[in-house]
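In: A predicted structure for the sequence below; I have some questions about it.
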Amino acid sequence: MDPLEVSAKLGAAHGLTFPLVSDPSHTAMDAFGVFDAENEVAWPAVYLVDRDGTIAWRYLGDTYKVRPTTAELLRALDGD
């Protein structure tokens, strides 16, 4: 949701080596059904998308403070 320049600074501060995207018009958030219009934020969500574009696994959270662990994501990738 943050502007691209804010995301870029965040990525640099954490040494991220992958691109971050921005969705200030919440187009993707609306498409995934995670935009909270009342508070103008996105609900925390993680999606694993397979090669044909199908959502293979998803996590929808109640708070940004709780996210799936790396181990949970790896298990999801393995199909568990």
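Out: On my side now, so go ahead. Numbers count the residues shown, from 1 in each chain.
In: tell me the helices and strands packed up against the helix or strand that contains Tyr59.
Out: Counting by DSSP states H and E, the secondary-structure element that holds Tyr59 is strand 55-60. If you count contacts as 3 or more CB pairs under 8 Å, 6 or more residues apart in numbering; DSSP states H and E, strand 55-60 packs onto strand 45-49, helix 70-78. For the C-beta atoms, the positions are set from N, CA and C on the backbone; glycine is no exception.
In: could those go into CSV alongside distance to Pro24, mean pLDDT and mean neighbour count?
Out: CSV is the format used below for the helices and strands packed on strand 55-60 (distance: least, CB to CB, whole Å; pLDDT from 0 to 100; neighbours: other CB atoms under 10 Å):
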stretch, distance to Pro24, mean pLDDT, mean neighbour count
strand 45-49, 17, 91, 13
helix 70-78, 27, 90, 12
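In: in a markdown table: these, plus distance to Ala8.
Out: Listed next are these as a markdown table, based on distance: least, CB to CB, whole Å:
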| stretch | distance to Ala8 |
| --- | --- |
| strand 45-49 | 21 |
| helix 70-78 | 24 |
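In: compute the inter-axis angle for the strand holding Tyr59 and strand 45-49.
Out: 170 degrees (axes from the mean of the first three to the mean of the last three CA atoms, to 10 degrees).
In: between strand 55-60 and helix 70-78, how big is the angle?
Out: Using the same axes, to 10 degrees, strand 55-60 lies at 150 degrees relative to helix 70-78.
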